[in-house]
Every structure is written in C-alpha cells, then in structure tokens.
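S.K.: structure of the sequence below:
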Amino acid sequence: MEMRRIGIIGVGNLGTRHLQALALSEEAYQITVTDVRKEALAKAESVFAGTEGAAKHEVRFVTSIAAMPERMDVVIVATGSDVRRAVTEELLLHADVSYLILEKVLFQRLGDYDAVEELFRQKGIKAFVNCPRRMYPVYESLKETLCDAKEMEIAVSGSDWGLGSNAIHMLDLIAYLAGSEEPELSCQGLDPAYRRSKRDGFLEITGTIRGRMGRCRAFSVSSYETAGVPASTFIAADTCRIHIMEGNKELEYAAASTGWEWKKERFDMPYQSQLTHLAAAELLTGGTCRLTTFEESGRLHRTLLRQLIPYFERQGVKAGLCPIT
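M.R.: Sure thing, here's the model as predicted:
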C-alpha cells in the first residue's frame, strides 16, 4: 500500500509541533516539510529526529512549494496570516490536495476569505482550521454537560494573553459550546491604542471583546494590560456553573441537579505536539475531523475582522488590513 503523503508549510514553533505530533502516528507517512528559511528547516529536522516514532516515517525538508509532491493527502499551512492566502493559492496551483488544516488567524483582509473559500469549492477540498480546544477531552466533556442548557453567559479573562492572536480561539470555544448561529461582536471595549506584537510586523490589542452567539446570550473576552491576573473562563448556564482555570488544569463545577454543590476537578490539556496526528488520522479514515470547518471558522473570523479593521484604521493602519497573526 502506498504511503500517505502529508505536507507542512511553515516550521516556526507551531509548525514544528505539528511535525512532532505526526511522528506519533501509528501509520507511517511520507512527510514533506517546506519553509523558505533554511535555519528553520534545520531546527525542525533536529527536533523531529529526537521525537519518538520519527524513524518509521519518510521525511524530506525542502525550501519551496514547487519541491513538494504534486499529490498530497493532508497539508498543514502553518505560516503567518500575512502570507497564508498567497501560500495556499501557490500550493493548490502546484498540487492536488485532499484535506487542508490551516493555522489561524486565517487571513488579514476580508476579501481573502471569499477568494479562498471559492478556491476550495472549485477544487473540492475539505479544509479545517486549527482551533484545537475542540479536541481537548475536558471541553468535549463540558459540551456534553451543557447539552441541556437553554442559555448561558461566558466570560474569559486574564492578563496580557494576546487578545488579537488568541481571541479566535476563545470565540471558537464559545461557538463549540453554545453554537455559532448569527455571531454578534463589539470591540468598543478595546483599549484605545494597539500594542506591538512579539512577532515582528504584527500588532496586538488589549481590552474586552463582547458579543453573543447561539445559546450564549452574552460573552466577554478580556485581556488586561496589568500583570498578574490568571487566565480563567467562567460559564454561567441555567443548568450549571463552570469555572475553568487552564493554567492550573483545574475546574470547579456546580449543577442545579445536585443542589449547586461545588466540586473541583483536575484535567489534562494536551499540547499541539500530542494532537495533530489524531486530526490527520481522522481525516484519512473518516473524511472529517474534530477541528473547526473552514466555513464555520470563516464566519467567526469575518465577524471579528469587521470590528478590528476599523479599530486599526482609526490608528493609521493601512485601510482594510487587520495586522494580527
């Protein structure tokens, strides 16, 4: 049987974690890794060589998409948001691809979403976005816990956790738990000025994003400039209350059915290097996976960008651009 072909485009820290995870696959893959930066490829190759299970895979490291196979089963696009549309279009001009996993933030301009979505439709490609909390056992369990809730409110908060880069993760989690029908957002609670990101050429934000979607009648996602506030998520539903502290891997839970008695539990939170092989296997065996579909994530991204682009424009950023990644 011919080996399945997996591609990774971009091996910064996150792309390297995807590569490490693929080493854990029970099935042996032919993996092609590409990055224009030779030093990034060398580092990824060294990390992969030291990962358990790496030896059973055939791996090549190349500096261009043109050097990748012309047919691949799954490709992971782990570049920055500023080049992701161009990289995706170049890939699909070069190769036939069955499934795509895209990192987020997806793209920086609203027009990119329609253009790429149409390209996927034309090519018959199933694409997913790497918002991996949908694969965490703790959130799979909480989704089941909340299945009977008719409504809920959700508040996410913490100090300087990269609201621009990571808001989409929290919006995706809210969509997963409460449904993503007709998402509404307001960025009026953002702090007046943006901040420089730790990633060169990108910007960050602090403050609060508010909105509603699905069964969640109100949510807030806050990142504070002041240090010292641990990240936490509080869910107040008509059936239960849940307080999640990811940093401590702890949650507190109280339910109406047990008289609102609080209980504390610990949970595991897998790293990216423990997840990607699972998503790839799900795609190759069942044609879908637990990650967010491109269509659903695209709706959430568009809703967010429609608020953030005017926010950045008011501060002199190039028109139509949301420079987060």
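
S.K.: where along the stretch 151-300 of the chain do the helices fall?
M.R.: 163-178, 276-286, 294-313 (DSSP state H, counting those that start in this stretch).

S.K.: quick one, which of those helices is nearest to E52?
M.R.: Taking C-beta to C-beta, helix 276-286 is the member of those nearest to E52, at 11.8 Å. The way it works is simple: take the backbone N, C-alpha and C, and place the C-beta from them, glycine included.

S.K.: so which bits of that closest one are buried?
M.R.: T276, H277, L278, A279, A280, A281, E282, L283, L284 (16 or more other C-beta atoms under 10 Å).

S.K.: list the contacts of the most centrally placed residue in the chain.
M.R.: Most central in the chain under C-alpha atoms, centre = their mean is C131, positioned 2.8 Å from the mean C-alpha point. Applying C-beta atoms under 8 Å, 6 or more residues apart in numbering to C131 gives the contacts K104, I168, H169, D172, L173, L291, T292, S297.

S.K.: nearest spatial neighbour of Y113, skipping sequence neighbours?
M.R.: G298 (5.1 Å; C-beta to C-beta, 6 or more residues apart in numbering).

S.K.: look up how far R241 lies from the residue of the chain most remote from its centre.
M.R.: Within the chain, G259 marks the point farthest from the mean C-alpha position, 36.4 Å out by C-alpha atoms, centre = their mean. With the distance defined as C-beta to C-beta, to the nearest Å, G259 ends up 12 Å from R241.

S.K.: same thing with T276?
M.R.: Between T276 and R241 the distance is 33 Å, computed by C-beta to C-beta.

S.K.: which helices and strands does the helix or strand bottoming out on mean pLDDT in the chain pack with?
M.R.: Between all helices and strands in the chain, the lowest mean by mean pLDDT, DSSP states H and E belongs to strand 195-196, at a mean of 91. Contact here means 3 or more C-beta pairs under 8 Å, 6 or more residues apart in numbering; DSSP states H and E; on that basis strand 195-196 packs against strand 203-204.

S.K.: adjacent strands (with direction) for the strand it packs on?
M.R.: Strand 203-204 has its sheet partners listed here by DSSP bridges as strand 195-196 (antiparallel).

S.K.: the strand it pairs with: how far from the chain's middle?
M.R.: 21 Å (C-alpha atoms, centre = their mean, to the nearest Å).

S.K.: so for D200, what's the pLDDT?
M.R.: Looking at D200, its pLDDT reads 87.

S.K.: how is the chain partitioned into domains?
M.R.: Annotated domains of the chain cover 4-132+274-290, 137-269 [automatic domain parsing].

S.K.: tell me which of these sits most buried.
M.R.: Mean neighbour count, computed with mean count of other C-beta atoms under 10 Å, is highest for domain 4-132+274-290 among the domains of the chain, reaching a mean of 18.

S.K.: now the angle from the helix or strand encompassing V138 to helix 163-178?
M.R.: Using DSSP states H and E, the element containing V138 is helix 137-145. For helix 137-145 against helix 163-178, the angle by axes from the mean of the first three to the mean of the last three C-alpha atoms, to 10 degrees is 40 degrees.

S.K.: which strands or helices does helix 137-145 pack on?
M.R.: Against helix 137-145 (3+ C-beta pairs under 8 Å, 6+ apart) you get helix 163-178, strand 240-245.

S.K.: and these as JSON lines, adding distance to Y139?
M.R.: As requested, those are arranged in JSON lines below (distance: least, C-beta to C-beta, whole Å):
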{"stretch": "helix 163-178", "distance to Y139": "7"}
{"stretch": "strand 240-245", "distance to Y139": "9"}
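
S.K.: in TSV, list the ones you listed along with mean pLDDT and distance to R212.
M.R.: As requested, the helices and strands packed on helix 137-145 are exported to TSV (pLDDT from 0 to 100; distance: least, C-beta to C-beta, whole Å):
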stretch	mean pLDDT	distance to R212
helix 163-178	98	9
strand 240-245	98	18
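
S.K.: quick one, which of those is nearest to T16?
M.R.: helix 163-178 (17.7 Å).

S.K.: counting by contacts, list what that closest one packs against.
M.R.: helix 137-145, strand 152-157, strand 203-204, strand 207-213, strand 216-223, strand 232-237, strand 292-293, helix 294-313.

S.K.: out of those, which comes closest to Q108?
M.R.: Of all the helices and strands packed on helix 163-178, helix 294-313 sits nearest to Q108, with 8.0 Å by C-beta to C-beta.

S.K.: and the angle for that closest one with strand 207-213?
M.R.: 140 degrees.
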